[in-house]
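1. All I have is the shape, not the residue letters:
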């Protein structure tokens, strides 16, 4: 059994999954039980660091010589010091210190971690493995007399493999914070992981390219992580508008840049490209309910994502400030965040410690407004149109981080006669496996790692929610979050769940529109997937 | 945040509800019982034994104070001193027993269970060992010399009176009694330096990590603190940050990443 200090030991791979080690799947999916992560072609990863496990999230180039290795180590220690300085880390310093100082090492968190459990209890994925590596480095290199006290508290060698593996290991946790919610002391292992990601990004410029170069940097440069510029966004939504007119049978108005509207609706731009019906469904509901709302065609005003949340406070703050500035210019009363979990947390909870003065514009979850609309009776609803088995996936950032649990359920109870909960759900939910950027990360074989390990628990939960339904009956997983939808799409495809169990997925607003009595065409069509 | 326009609503706080959650959490380790019952079986006796020992010290102080005021704590006297006398014995005995059993079981588990062993340093064992020695020696001192905690109370009396002794009782301490006093003093001085303080710190960690959700409302203290913090000048080195030690957080957050040349 590996120990935290083993992270420094030279070996080809610290952790490796053999076929049959993963948590077993039930029928009719047993044929996947011997599947394990496939190796990448020889030579493809020759120049990058791969010594943690069977996959790669970042792909840090191997140092070419001893001097370069020393440079990395020096930068790491410099960044480590900065994590514990108020001027550099005022937002997270206190919870970080409390989490590092008071862990009782009882391992209660391990049982709550889906990555650890589903991997067949691989030691490197245990929440405390990562945290204890950080704790030991902190005690040895940051605290006074650390090199002496490390002999008592737990020693660790700081070498190239230590930091290279730690950087990768920070991307084997979805930051779902389920571990933090069960810790008897209140320690937050996900926060420690988040801080490690920050250290690598903010000090050393090391982060997965999908969330940094192609993510927050691209968003700040062209307006969206999808690469869509304002013209492309408007064109796409005009196309969606035409599609929605076919469904509703009447003229749709999608307001752009309407000064003084009550509500600025911010979508994840991934919806526009991958799930346009979600964007259209919001427009139908808001129009039918008579909401005074607008979209923004300004750069970043049509993409609420904020990848900085997962790895970089500065990028997070920059994106949040841009969103607030757009709302300020439009003079809206509040920002409504569409079906995007991490954007909920970024713009409400975390940006709450950044936005001040006239940028502190109220922000609200779409679930709350949708709940109000459904309860108000402004929409004529016919629940029998949703007469198929439905279960609800809870996005971690919305339930566990923000405590928004009931509004989405009240809606489903009203419009979905065959709604049933997953077990567990609400604040005790399991992550979709795509949290903290995993849904969009696919370098090397990382998508396979995600589908096989971090999303596995969610797949089991989905199967369990529908276990009493015949396989041939179409079923719907309501996943009101873009990243979650992406992960669930991938697991349903990978395990052929549509073919084998007739399981489909989509958002919440699609179900609301599908239940609207006066629609000419259904919003949800199972035969089209 | 589940309510429409939540920022306009009054925030409801309840000290009673907080206490209803925290008291069972701290005293009975409710979270551990629910999430990790196997460990709770050994952790609860240890922690509860420790709390009872703290209670015993409080009772000894009250008893010593009572003696200073001329009311001896002894059986057969008036109701309250008699009650204090028996209560101290009961709480002390149960505390010492639970503490001894719990610390021995925890130490054994930490030695034997690889899940715990691989994450434990020398200090983790030392902490538990010190507790075990303290509880065991104290229990032996109680068993052989001080069934009624009269000696312990006399020691507290001497502390409060700067060396005095209760009327009719000469200061005469057994070896085990002296060892108990030494170990208790050592623990009081040493434990705050270790993570064993988590049992009290959890109150603060819950408030600062798990539950901290006070909104930043306009004109609030939080907003003032944020505005102050935004004036800090970070020194992060990655090129996309654009920090030079002169720019403030506010300046950096309102500018894009520097364009690569």
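-> Yep, that arrived. Computed from a predicted structure; not experimentally measured.
2. so what's residue A:265 up against?
-> Applying C-beta atoms under 8 Å, 6 or more residues apart in numbering or on different chains, we find residue A:265 in contact with A:282, A:286, A:293-295, A:336, A:338, A:366. C-beta: built from backbone N, CA, C; applies to glycine.
3. my bad, should have said residue A:13
-> Residues near residue A:13 by C-beta under 8 Å, 6+ apart: A:50-54.
4. So it lies in a strand, does it not?
-> No. Applying DSSP: H, G, I helix; E, B strand; the rest coil, one finds residue A:13 to be coil, outside a strand.
5. so how far is stretch A:401-414 from its chain's centroid?
-> 19 Å (C-alpha atoms, centre = their mean, to the nearest Å).
6. Phi, psi for residue A:365 please.
-> phi -70, psi 140 (degrees, to the nearest 10).
7. er, residue A:477 actually
-> Per-residue torsions, residue A:477: phi -100, psi 110 (degrees, to the nearest 10).
8. Tell me, how many residues neighbour the closest residue to it other than its chain neighbours?
-> Spatially, and ignoring its direct neighbours in sequence, residue A:477 is nearest to residue A:505 (4.3 Å; C-beta to C-beta, 6 or more residues apart in numbering or on different chains). Look at residue A:505: counted by other C-beta atoms under 10 Å in any protein chain shown, it has 24 neighbours.
9. mind listing what residue A:505 touches?
-> By C-beta under 8 Å, 6+ apart, the contact list for residue A:505 reads A:476-479, A:485, A:488-489, A:492.
10. Out of these, who's the most crowded?
-> That'd be residue A:485 among these, by other C-beta under 10 Å, with 30 neighbours.
11. residues in contact with that one?
-> Going by C-beta under 8 Å, 6+ apart, the list of residues near residue A:485 reads A:274-275, A:339, A:479, A:505-507.
12. can the residues you listed go into a markdown table with extra columns for pLDDT and secondary structure?
-> Below are these laid out as a markdown table (pLDDT from 0 to 100; DSSP: H, G, I helix; E, B strand; the rest coil):
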| residue | pLDDT | secondary structure |
| --- | --- | --- |
| A:274 | 96 | helix |
| A:275 | 96 | coil |
| A:339 | 98 | coil |
| A:479 | 98 | coil |
| A:505 | 97 | strand |
| A:506 | 97 | strand |
| A:507 | 98 | coil |
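13. Is it possible to mark the buried ones in those residues?
-> A:275, A:339, A:479, A:505-507 (16 or more other C-beta atoms under 10 Å in any protein chain shown).
14. what's the most distant pair in these?
-> Farthest pair in the buried ones among the contacts of residue A:485 (C-beta to C-beta) is A:339 and A:505. Separation: 12.2 Å.
15. What residues sit buried inside the helix or strand hosting residue B:42?
-> Using DSSP states H and E, residue B:42 maps to helix B:37-68. Buried residues in helix B:37-68, defined by neighbour count with 16+ other C-beta under 10 Å: B:39-40, B:42-53, B:55-57, B:59-60, B:62-64, B:66-67.
16. Name the nearest residue to residue A:77, ignoring sequence neighbours.
-> residue A:141 (6.0 Å).
17. tell me the contacts of the one you found?
-> Residue A:141 sits next to A:77, A:80, A:158 when contact means C-beta under 8 Å, 6+ apart.
18. so where is the chain shaky, pLDDT-wise?
-> Reading this off chain A. For chain A, residues meeting the criterion pLDDT under 70 lie at A:528-529.
19. think we crossed wires, I meant chain B
-> Scanning chain B for pLDDT under 70 picks out the ranges B:168-171, B:259-261.
20. how about a cut-off of 80?
-> Residue ranges of chain B with pLDDT under 80: B:77, B:166-172, B:191-200, B:208-210, B:258-261.
21. longest helix in it, by residue count?
-> In chain B, assigned by DSSP state H, the helix with the most residues is helix B:79-112.
22. on contacts alone, who are the packing partners of it?
-> Where contact means 3 or more C-beta pairs under 8 Å, 6 or more residues apart in numbering or on different chains; DSSP states H and E, helix B:79-112 is packed against helix B:37-68, helix B:114-117, helix B:122-144.
23. can you put those helices in TSV and add distance to chain A?
-> Formatted as TSV, the helices and strands packed on helix B:79-112 follow (distance: least, C-beta to the nearest C-beta, whole Å):
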stretch	distance to chain A
helix B:37-68	6
helix B:114-117	5
helix B:122-144	4
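24. between those, which gets nearest to residue A:68?
-> Residue A:68 lies closest to helix B:122-144 among those, at 35.3 Å (C-beta to C-beta).
25. hmm, stretch A:429-445 touching chain B?
-> No. On the criterion C-beta under 8 Å from any C-beta of the partner chain, stretch A:429-445 is out of touch with chain B, staying 14.9 Å away.
26. Closest to the centroid, which residue in the chain?
-> Because you didn't say which chain, this covers chain A. Residue closest to the average C-alpha location in chain A (C-alpha atoms, centre = their mean): residue A:435, at 2.6 Å.
27. my question was about chain B
-> Centroid-nearest residue in chain B, with C-alpha atoms, centre = their mean: residue B:200, separated by 2.9 Å.
28. which SSE is it in?
-> helix B:198-205.
29. Now look at the helix or strand following that helix and say if it contacts chain A.
-> The helix or strand immediately downstream of helix B:198-205 is helix B:221-229, counting by DSSP H and E. Yes. Interface with chain A: helix B:221-229 contributes B:222-223, B:226-227, B:229 (C-beta under 8 Å from any C-beta).
30. Mind listing what's buried along the helix or strand following helix B:221-229?
-> The element immediately downstream of helix B:221-229 (helix or strand, assigned by DSSP H and E) is helix B:249-253. Within helix B:249-253, the residues that qualify as buried are B:249-250, B:252-253, counting by 16+ other C-beta under 10 Å.
31. Check the residues you listed and tell me the two furthest apart.
-> Every pair of those checked by C-beta to C-beta; the farthest is B:250 and B:252, at 7.4 Å.
32. Close to chain B: what parts of the stretch 401-529 of chain A are there?
-> So far as C-beta under 8 Å from any C-beta goes, the stretch 401-529 of chain A lies against chain B at A:402-407.
33. Most neighbours out of those residues, which is it?
-> So for those (other C-beta under 10 Å), the most neighbours sit at residue A:404, 26 neighbours.
34. mind checking the end-to-end distance for stretch A:465-477?
-> End-to-end distance of stretch A:465-477 (C-alpha to C-alpha, to the nearest Å): 10 Å.
35. Helix or strand: which one has the residue in chain A sticking out farthest from the centre?
-> Farthest-out residue of chain A from its mean C-alpha position, per C-alpha atoms, centre = their mean: residue A:148, at 39.9 Å. Here residue A:148, judged by DSSP H and E, is contained in helix A:146-153.
36. And that helix, what's buried?
-> Residues of helix A:146-153 classed as buried: A:149-150, A:153 (neighbour count, 16+ other C-beta under 10 Å).
37. which one of these is nearest chain B?
-> residue A:153 (4.5 Å; C-beta to the nearest C-beta).
38. who's in contact with the closest residue in space to that closest one that isn't next to it in sequence?
-> In space, residue A:153 comes closest to residue B:121 once its chain neighbours are excluded; the distance is 4.5 Å by C-beta to C-beta, 6+ apart. With contact taken as C-beta under 8 Å, 6+ apart, residue B:121 is in contact with A:152-155.
39. Contact partners for residue A:182?
-> A:108-109, A:111-112, B:31, B:35.
40. typed the wrong thing, it's residue B:245
-> B:233, B:235.
41. same check, this time on the one 3 residues further on
-> Counting by C-beta under 8 Å, 6+ apart, residue B:248 makes contact with B:230-233.
42. biggest separation within those, which pair?
-> B:230 and B:233 (10.4 Å).
43. So which of those two has more stuff around it?
-> Taking other C-beta under 10 Å, residue B:230 and residue B:233 do not tie; residue B:230 has more neighbours (18 against 15).
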